[in-house]
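>>> task: produce atomic coordinates for the following.
(chains A and B)
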Amino acid sequence: MLHSQALTTKNKLFTPNTMNIRTASYASSLLMPALLAAQTNFATRTGEISFFSSTPMEDITAVNQRVASVFVPATGAVEFSALIKAFEFEKAMMQEHFNENYMESSTFPKALFKGKVQPAPGDDLAKAGEHSVTVTGNLTIHGITKQVTVQGVFTTEAGGTLKARSEFKVKPEDYGIKVPGVVRNKIAEIIDVKVKLAYAPL
Amino acid sequence: MKRKHILLLLGLVIAASAVLVYRITQAKPAVAEGRTADLTIGAPELFTAFQADEVAAGKRFNDKLVAVKGAVREVSTIPGGMVQVLFETGDPLGAVVCVLEPGTEPVPAKGDTARIQGFCAGYNLDVLLQRCSILKP
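Prediction:
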């Protein structure tokens, strides 16, 4: 889970391509009294991203349940990081082609998103219920970064849990992902992506 | 008669090839159960390798069947119902996470020393092993 008891204990440096969840954790530990008075930051290491490709020839779905994410309500900052090799497919061959031929996951091991919820929800998230938001930021896939704007919903639940979900579309071609002609009719030109995150307070 | 035999043989070859292609294309991703690990390492050493040099460790461990041994920090169920075992690494901020195949038993408990093998997917705050099985201590 979050190892949240440990997240406030240690400061570390990161490699440039590592999302700064640790930084956020440490910052929250320094700011904790103020945050408790006002707002809390949220994080998860078990978020889920799934995608779906549908063509008349074949439907392909894959799920990654090890997505790390941090969300700072005060500023609206949100980041997530997903290992490409952590996407699980129904069939081994799909998984192999996805990693080796399309995503080149040995060279580009992670998908990253760094953006902002607009407007920053601030104290609004303290109210139980659903809160529709717009998220704008940079999505990096296959080593290529594009600015994206997506719609999402935060759900505040009793007990301090904050859930987030979003559905959007990604065009592989925009990220330099080449699909060979021989399988072109098996892979959709636009992929449906779903994000589900169950945040816990830091 | 000879031509009939040739056609029959050709038909059998085509049928066998079709079955083989079907099996290859429909095969599920490999699971760790019943396989011999490519690499064996302590959980703290595996975590340290990724922290020290993620790229080099990725080349060495990713996609390999890795057997790890260590002290169990936590056992929990993730959304979707999969059970994960987290190994101590010496760093409270990171773990070696082993996601067990459904139905894997016996699941070790917190504080146990355990051996688990799974396919290494890389490092994302934790080191992730997938489709794991429990090994005898």
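>>> C-alpha from now on. contacts and neighbour counts both.
OK.
>>> can you pull the contacts of the residue in chain A positioned nearest to chain B?
In chain A, the residue that lies nearest chain B is A:Ala92 (4.0 Å; Cα to the nearest Cα). Residues near A:Ala92 by Cα atoms under 8 Å, 6 or more residues apart in numbering or on different chains: B:25-30.
>>> next one: B:Ala109
Contacts of B:Ala109 by Cα under 8 Å, 6+ apart are B:72, B:74-75.
>>> please enumerate the helices of the chain.
Just going to use chain A. Secondary structure of chain A (DSSP state H): helices at A:21-37, A:92-97.
>>> right idea, wrong chain: chain B
All helices of chain B, identified by DSSP H, fall at B:2-26, B:43-52, B:54-61.
>>> so A:Ala126 makes contact with A:Thr156?
Yes: between A:Ala126 and A:Thr156 a contact is recorded at 7.0 Å, counting by Cα atoms under 8 Å.
>>> the helix or strand bottoming out on mean pLDDT in chain B - contacts with which helices or strands?
When the helices and strands of chain B are scored by mean pLDDT, DSSP states H and E, helix B:2-26 comes last with a mean of 87. Applying 3 or more Cα pairs under 8 Å, 6 or more residues apart in numbering or on different chains; DSSP states H and E, we find helix B:2-26 packed against helix A:92-97.
>>> for B:Thr36, give its distance to B:Gln117.
9 Å (Cα to Cα, to the nearest Å).
>>> which neighbours do those two share?
With Cα under 8 Å, 6+ apart, B:Thr36 and B:Gln117 have common neighbours B:Leu65.
>>> so the two - more neighbours on which side?
B:Gln117 (30 against 12; other Cα atoms under 10 Å in any protein chain shown).
>>> next up, the contacts around A:Ala128.
Contacts of A:Ala128 by Cα under 8 Å, 6+ apart are A:155-158.
>>> now with 7 Å?
A:Ala128 is in contact with A:156-157, counting by Cα atoms under 7 Å, 6 or more residues apart in numbering or on different chains.
>>> can you pull the contacts of the most centrally placed residue in chain A?
The centre of chain A sits closest to A:Phe80, judged by Cα atoms, centre = their mean, with a distance of 3.9 Å. Contact analysis of A:Phe80 by Cα under 7 Å, 6+ apart lists A:67-70, A:112-114.
>>> so which residue of chain B comes closest to chain A?
Chain B approaches chain A most closely through B:Pro29 (4.0 Å), counting by Cα to the nearest Cα.
>>> hang on, the earlier thing: and the helices of chain A, which one's lowest on average pLDDT?
Ranked by mean pLDDT, the helices of chain A end with helix A:21-37 at the bottom, a mean of 41.
>>> quick one: the residue in chain A sticking out farthest from the centre and B:Leu129, what's the gap?
Within chain A, A:Val182 marks the point farthest from the mean C-alpha position, 31.1 Å out by Cα atoms, centre = their mean. For A:Val182, the distance to B:Leu129 equals 33 Å [Cα to Cα].
>>> same question for A:Ser50.
Separation of A:Ser50 from B:Leu129 (Cα to Cα) stands at 19 Å.
>>> count of neighbours near the closest residue to B:Ala71 other than its chain neighbours?
The shortest distance from B:Ala71 to any non-neighbouring residue, by Cα to Cα, 6 or more residues apart in numbering or on different chains, is to B:Thr113 (4.5 Å). Neighbours of B:Thr113 under the rule other Cα under 10 Å: 15.
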